[in-house]
Structures are given as C-alpha cells and as structure tokens.
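In: Return atomic coordinates for the entry below.
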Amino acid sequence: MKVHFISIGGTAMHNLAIALHKKGYTITGSDDEIFEPSKSRLKKYGLLPEKIGWNTSKITNKLDAIILGMHAREDNPELLKAKELNLKIYSYPEYLYEQTKNKTRVVIGGSHGKTTITSIVMFVLKYNNINFDYMVGSQIEGFETMVSLSDDTEIAVFEGDEYLSSPIDRRPKFHLYKPNIALLSGIAWDHINVFPTFENYIDQFNIFISTIEKNGTLIYFNNDPVLKNIVKNNNNHINKIHYSAHKYIIKNNNTLLITDNGKIPIQLFGEHNMQNINGARLICNELEINNADFYKAIKQFKGASKRLQLIAKNNKTNIYLDFAHSPSKLKATTTAVKQQYPERELVACIELHTFSSLNEKFLPHYKDTMSKADLSIVYFNPKAIAHKKLKQLQPKRVKEAFHHNNSKVFTNIDDLISFLESINFKNKNLLLMSSGNFSGININKLATNLIKNTL
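Out: So this is what the prediction gives:
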C-alpha cells in the first residue's frame with residue numbers, strides 16, 4: 001500500500017505515518033512546518049520530507065490513499081490535485097476505522113479524562129500480555145508511539161476526540177470509529193469555536209452514542225446529569241453500564257483503592273482519577289480481564305505524560321505539570337492536589353492557550369475553578385490572542401472572571417518566572433496547567449530551579 005500524508009507533521013498524523021510504515025506500507029508526506037518531536041521521530045524512520053512545503057508531484061495515480069491532516073487548508077495544492085485525480089481521501093480517524101473495522105473497537109470519549117482512561121486500558125492490556133491496536137493523545141511510558149496498527153490483533157483502543165476530523169470533513173473524530181465498547185466520562189462545554197452553544201456540543205455526544213454498534217456496550221459516568229439524561233433518552237439498542245468514582249482513601253499523602261481483597265496503593269490520585277480508574281476497570285471487564293488482574297496492573301501505572309505529572313520534588317515540595325485547560329479540568333486537578341496534600345499550601349498556575357479560554361465570552365466559566373488553591377496565577381500571551389484573531393483580554397477582567405481572593409495575572413512570561421522564583425516553596429506545592437507550553441520556556445528547568453531555591 002502506498003499512502004501519502006498531507007500535513008504529516010501533526011501529533012496524530014506523524015504517529016499514524018510511523019505506525020503504517022512499521023506495518024510495511026510505503027509512506028510519503030508533506031507539511032509547511034514540522035516541529036519537535038515530530039521532526040526527529042519522522043527522521044528516525046526515514047519519513048521526514050526532504051523539503052518543507054507542499055509538493056504536488058507527490059500526488060499521483062499510484063497512491064492507494066491520501067490522509068488529510070486537520071492543519072491543512074481546503075485550498076491546499078496537494079489536496080486539490082488529489083481531488084482532480086479522484087484519489088481516495090481519508091481523515092485520520094476514517095483511516096483508523098478502515099484499518100480496524102473487523103476488530104473489537106473500544107472508544108473512550110468525554111470532555112475530560114479520556115486520555116488517562118485510554119492510557120490505563122492500554123497499560124492493563126499490555127500488562128496482561130494482550131496485543132491490541134491503539135491511538136492515544138499522549139505519550140505513555142512503555143509505548144514508543146501514540147498509534148499502533150497490526151494485522152494480528154483483535155482489539156483496537158482509541159481515544160475519542162470530539163474535535164473536527166479534517167478541513168473537508170467537519171464531523172467530530174469520535175463519530176467515525178463505530179465502537180463495540182464505548183465510554184463517556186462526562187460532558188463540559190469546550191471547543192466553542194466549533195460548537196458555539198452548549199446544546200450543539202451536547203448533540204455530538206448523542207450522535208456518538210448512536211454510532212455504537214448494535215448490541216454494543218456504553219459505559220458512562222452516572223454522576224453527570226447532562227450525560228445521564230442523554231443516555232436515558234438515546235434509543236440505540238446497546239447495553240448501558242454506569243459507574244461512579246472508585247472507593248478510596250488518602251493516608252499519609254498516598255491514595256489507596258478499597259477493593260474486596262483489601263486496600264491497594266496506587267500512584268494516581270484525585271477524585272477525577274478515581275472516576276477514570278473505575279471506568280477503565282469496566283472496559284477491561286468487557287474485554288474479559290477480571291478485577292484481580294486489573295488491580296495487579298493499576299498498582300504499577302504511573303500516568304500519562306502531562307496528566308498530573310510529577311516533574312520535580314523534595315521532602316517539602318512537589319511540582320506538577322498537567323494538561324488541564326478547560327474549566328472542569330482546572331477544578332478537578334486543583335482540587336486533587338489540595339486533597340492529596342492538605343497540609344501544604346497550593347500555588348496553581350494556568351496558561352490560557354486554547355481558543356475557548358482566550359475568548360472573553362467564555363471567561364465566566366472559569367469562576368471559582370481554582371478556589372482550592374491558596375494562590376491562583378493566570379498567564380496568557382497577548383500574541384496568542386492576536387494569532388487566534390480574538391479580542392485582546394484585559395488582565396483586570398481575567399482576574400475578576402476567576403473570582404479568587406488571592407490571585408495574580410501575568411501577560412509576560414519573564415515576569416511570571418520572576419514571580420515564581422520569588423516564592424519560597426517550602427511546605428508548598430506548585431501546579432502548572434496548560435495545553436500549550438508557557439510560551440516555550442523549559443518547564444523542567446524551571447521546576448528544578450524552584451526546588452533548588454526551596455529553603
């Protein structure tokens with residue numbers, strides 16, 4: 001098979017390109033910009049384009065498929081030529097379905113927790129020596145790539161993102177997988193640039209439930225009233241299993257699961273992760289992994305990259321990095337760290353980076369999301385707002401929106417770093433949250449310096 005990737009440098013796209021290369025396909029690709037780590041990983045497998053930019057000479061009748069990335073434009077010259085030649089054009093979720101349509105497909109969706117739940121399921125399957133295909137939105141320890149496809153597997157596990165599939169396919173990605181086993185973790189409005197109303201956003205999850213294969217299974221979080229109502233009113237002929245947070249206790253800053261066979265220490269923490277664990281356990285049960293084998297594995301699971309990832313610590317301070325950016329994620333993550341370390345002060349710092357978070361109309365949704373923090377810090381880069389062609393935010397307005405008694409707002413990254421370095425973090429934890437990279441600073445270096453400065 002000969003497959004060409006338009007916009008091969010994307011996170012999901014380059015991982016899929018590598019997966020197909022490993023499967024023996026002939027892969028070519030183009031992009032107008034390729035950043036790390038995509039660049040190095042494509043180069044490692046001989047897939048890095050010789051030149052940056054679009055090259056219509058690569059689009060020929062000899063190609064079996066075109067995979068179109070979301071970051072390409074509708075007027076992309078390679079795309080236009082592919083249409084002229086009447087080549088088969090797929091979005092990457094469409095192609096994942098084509099590769100796995102004869103397998104048991106597990107799709108994890110929801111506004112929050114889906115990466116962690118997908119990661120847990122993958123980890124447990126691997127721990128129990130079960131081979132499977134997968135696609136996940138974060139790097140996981142023990143897995144070289146974020147996508148894997150093989151002809152000798154019977155299970156495929158996908159993270160079900162609700163964002164759009166491609167420039168010419170405006171359907172949410174998770175509508176295209178047609179799962180046999182699905183999970184929904186909850187619904188909290190996000191992606192307002194695509195789904196302008198909450199009702200429109202809710203509709204996407206109702207459609208997703210309708211795509212579950214006949215006699216398939218939906219596992220859903222029962223304590224979300226919006227999700228619960230959708231499931232109740234959906235007429236798809238499927239099995240419906242609800243879940244809540246796994247029972248647990250916190251003892252000496254450690255979390256232990258309460259099970260029928262005693263208390264089990266785990267490395268994850270926070271109420272939201274207890275929900276994630278229980279949802280993943282039920283998926284594994286559907287895949288014929290019993291609770292005993294699940295618990296043996298979960299003890300060893302360290303978490304996905306940038307999901308409450310511990311990046312520096314000493315006896316008096318922990319510094320965490322988390323992907324949280326939406327209001328629900330912010331609240332869950334901040335609450336988790338404070339509950340795990342109630343005796344320590346918590347400094348919580350969020351970078352507003354997404355279209356939604358930088359939109360003035362969406363700001364009120366962040367009210368009280370960092371209420372558990374002793375000090376809340378909000379950072380945003382005015383250049384990011386200009387790039388997204390949004391109205392500039394006023395720091396005073398941002399501070400009012402978050403509604404925190406002890407808060408700071410920064411618009412200059414150097415000022416933010418100087419302020420953090422002025423804090424003595426003894427008996428304090430720092431939580432850094434962003435779907436971006438804090439304007440390109442070296443987060444690990446910053447964390448190391450802050451720990452060194454702790455007296």
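In: CA atoms for contacts and neighbours, from now on please.
Out: Noted.
In: domains of this protein?
Out: Domain assignment for the chain by automatic domain parsing gives 2-87, 95-298, 309-452.
In: want to throw the ones you listed into JSON lines with mean pLDDT and mean neighbour count?
Out: Putting the domains of the chain into JSON lines (pLDDT from 0 to 100; neighbours: other Cα atoms under 10 Å) gives the following:
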{"stretch": "domain 2-87", "mean pLDDT": "96", "mean neighbour count": "18"}
{"stretch": "domain 95-298", "mean pLDDT": "95", "mean neighbour count": "19"}
{"stretch": "domain 309-452", "mean pLDDT": "95", "mean neighbour count": "18"}
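In: Give me the distance between residue 224 and residue 184.
Out: To residue 184, residue 224 is 10 Å away according to Cα to Cα, to the nearest Å.
In: Same question for residue 239.
Out: 14 Å.
In: Just read off the phi/psi values of residue 316.
Out: phi -120, psi -10 (degrees, to the nearest 10).
In: Nearest residue to it in space, please, no chain neighbours.
Out: Ranked by Cα to Cα, 6 or more residues apart in numbering and with sequence neighbours excluded, the top spatial neighbour of residue 316 is residue 427, at 4.9 Å.
In: thought the one you found was touching residue 319?
Out: No: between residue 427 and residue 319 there is no contact under Cα atoms under 8 Å: 11.6 Å.
In: picking that back up, now for residue 239 and residue 184: what residues contact both?
Out: The contact sets of residue 239 and residue 184 overlap at residue 218 (Cα atoms under 8 Å, 6 or more residues apart in numbering).
In: outside of the longest helix that the chain contains, which residues touch it?
Out: Identified as the longest helix of the chain according to DSSP state H is helix 271-286. Here helix 271-286 makes contact (Cα under 8 Å, 6+ apart) with 113-114, 116-118, 120-121, 124-125, 181, 183, 185, 219-221, 243-248, 290-291, 294, 332-333, 336.
In: Hmm, residue 453 and residue 314 touching each other?
Out: No: using Cα under 8 Å, residue 314 is not in contact with residue 453, being 11.2 Å away.
In: Which parts of the stretch 251-400 of the chain are helices?
Out: 271-286, 291-298, 327-340, 382-387, 395-402 (DSSP state H, counting those that start in this stretch).
In: could I get the ones you listed as a markdown table with distance to residue 449?
Out: Shown next, in a markdown table, are those (distance: least, Cα to Cα, whole Å):
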| stretch | distance to residue 449 |
| --- | --- |
| helix 271-286 | 29 |
| helix 291-298 | 32 |
| helix 327-340 | 21 |
| helix 382-387 | 26 |
| helix 395-402 | 27 |
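In: wait, which of these is closest to residue 199?
Out: Nearest to residue 199, of all the helices of the stretch 251-400 of the chain, is helix 327-340, at 17.3 Å by Cα to Cα.
In: Other residues contacting that closest one?
Out: By Cα under 8 Å, 6+ apart, helix 327-340 touches 112, 188, 250, 253-255, 269-272, 308, 322, 324, 344-346, 348, 365-366, 368-373, 431, 433.
In: That one versus helix 271-286: what angle between them?
Out: Angle between the axes of helix 327-340 and helix 271-286 is 100 degrees (criterion: axes from the mean of the first three to the mean of the last three Cα atoms, to 10 degrees).
In: could you dump helix 327-340 to PDB, C-alpha only?
Out: Extracted in PDB, the C-alpha atoms of helix 327-340 (Å, rounded to 0.1, in the frame of the first residue of the first chain):
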ATOM      1  CA  PRO A 327     -12.900  24.900  33.500                       C
ATOM      2  CA  SER A 328     -13.900  21.300  34.500                       C
ATOM      3  CA  LYS A 329     -10.300  20.000  34.200                       C
ATOM      4  CA  LEU A 330      -8.900  23.000  36.100                       C
ATOM      5  CA  LYS A 331     -11.200  22.500  39.000                       C
ATOM      6  CA  ALA A 332     -10.700  18.700  39.200                       C
ATOM      7  CA  THR A 333      -6.900  18.900  39.000                       C
ATOM      8  CA  THR A 334      -6.600  21.800  41.500                       C
ATOM      9  CA  THR A 335      -8.900  20.000  44.000                       C
ATOM     10  CA  ALA A 336      -7.000  16.700  43.600                       C
ATOM     11  CA  VAL A 337      -3.600  18.200  44.600                       C
ATOM     12  CA  LYS A 338      -5.100  20.100  47.500                       C
ATOM     13  CA  GLN A 339      -6.900  17.000  48.800                       C
ATOM     14  CA  GLN A 340      -3.700  14.800  48.500                       C
END
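In: Next, the angle from that helix to helix 395-402.
Out: 70 degrees.
In: I figured residue 39 hits residue 48, correct?
Out: Yes: when contacts are counted by Cα under 8 Å, residue 39 is listed as touching residue 48 (6.7 Å).
In: Determine the angle, from 0 to 180 degrees, between the strand of greatest length in the chain and helix 327-340.
Out: In the chain, assigned by DSSP state E, the strand with the most residues is strand 345-352. With the same axes, to 10 degrees defining the directions, strand 345-352 sits at 160 degrees from helix 327-340.
In: What pairs with strand 345-352, parallel or antiparallel?
Out: The pairing partners recorded for strand 345-352 under DSSP bridges are strand 375-380 (parallel), strand 428-433 (parallel).
In: would you list those in CSV and tack on distance to residue 414?
Out: Putting those into CSV (distance: least, Cα to Cα, whole Å) gives the following:
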stretch, distance to residue 414
strand 375-380, 11
strand 428-433, 15
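In: Tell me which of those strands approaches residue 99 most closely.
Out: Of all the strands paired with strand 345-352, strand 428-433 comes closest under Cα to Cα, at 34.9 Å.
In: List the neighbours of the closest one that are in contact with it.
Out: Contact partners of strand 428-433, identified using Cα under 8 Å, 6+ apart, comprise 316-325, 330, 334, 337, 344-351.
In: circling back: keep only those of the contacts of helix 271-286 that are in strands.
Out: Reading strands off the contacts of helix 271-286 with DSSP E, I get 181, 183, 219, 220, 221, 243, 248.
In: now those in a markdown table, with distance to residue 172?
Out: What follows is the ones in strands among the contacts of helix 271-286, written out as a markdown table (distance: Cα to Cα, whole Å):
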| residue | distance to residue 172 |
| --- | --- |
| 181 | 18 |
| 183 | 16 |
| 219 | 20 |
| 220 | 19 |
| 221 | 21 |
| 243 | 25 |
| 248 | 35 |
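In: Between those, which sits nearest residue 17?
Out: Using Cα to Cα, residue 181 comes nearest to residue 17 of these, at 25.8 Å.
In: now that closest one: how far from residue 219?
Out: 8 Å.
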